[in-house]
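Q: Got a predicted structure here, sequence first:
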Amino acid sequence: MTPYQITGPAQIGLSGGRTSGYMTRRILDAHGGSLSGDVHAFFQNTGKEVEETLEFVHEMSDRWAFPVVWMKWCREYGQPEDAP
């Protein structure tokens with residue numbers, strides 16, 4: 001048994017950094033190279049990431065052939081500009 005073997009439903013949080021990339025690679029390897037239908041990878045794009053981070057997330061998804069759900073923050077209509 002490996003700690004990277006995930007039984008779903010589950011989500012993998014990708015930060016776009018090396019550590020989350022390593023973790024994702026290990027999870028994929030533990031599952032024979034692909035995620036089951038009830039395990040999903042998410043990247044939360046805050047709009048503050050450097051371009052290299054965004055490219056790395058795309059490259060992981062393309063090179064390792066697994067889907068990444070990109071979540072992007074957006075301001076609600078009428079919300080003040082300084083709202084958190």
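A: Cool, the structure landed.
Q: In contact with the residue lying closest to residue 10 once chain neighbours are set aside: list those residues for me.
A: Of all residues beyond its chain neighbours, the one nearest residue 10 is residue 39 (4.9 Å), with distances taken as Cβ to Cβ, 6 or more residues apart in numbering. Every C-beta, even on glycine, is put in place using the N, C-alpha and C of the backbone. Residue 39 makes contacts with 6, 8-12, 27, 31, as judged by Cβ atoms under 8 Å, 6 or more residues apart in numbering.
Q: Now, these that are in helices?
A: Under the assignment DSSP state H, the contacts of residue 39 contribute residue 27 to helices.
Q: Derive a PyMOL selection command for the buried subset of the contacts of residue 39.
A: The buried subset of the contacts of residue 39, as determined by 16 or more other Cβ atoms under 10 Å, is captured in PyMOL by this line:
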select buried, resi 6+12+27+31
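Q: Of the contacts of residue 39, which one scores lowest on pLDDT?
A: Across these, no position has a lower pLDDT than residue 8, which has 83.
Q: does residue 60 sit in a helix, a strand or a coil?
A: Of the three states, residue 60 takes helix under DSSP: H, G, I helix; E, B strand; the rest coil.
Q: isn't it right up against residue 12?
A: No - taking contacts as Cβ atoms under 8 Å, residue 60 lies outside contact range of residue 12: 11.0 Å.
Q: if I look at those two, which residues touch both of them?
A: What both residue 60 and residue 12 touch, as defined by Cβ under 8 Å, 6+ apart, is the set residue 24.
Q: Name every strand pairing with the longest strand anywhere in the chain and say which way it goes.
A: Selection of the longest strand in the chain by residue count, based on DSSP state E, yields strand 39-45. With DSSP bridges as the test, strand 39-45 is paired with strand 10-14 (parallel), strand 68-72 (parallel).
Q: What average pLDDT does it get?
A: Mean predicted lDDT for strand 39-45 stands at 94.
Q: Now do the buried residues in it.
A: Under the neighbour-count criterion of 16+ other Cβ under 10 Å, strand 39-45 has 39-41, 43 buried.
Q: ok, now stretch 70-84?
A: So, applying 16+ other Cβ under 10 Å, stretch 70-84 has no buried residues.
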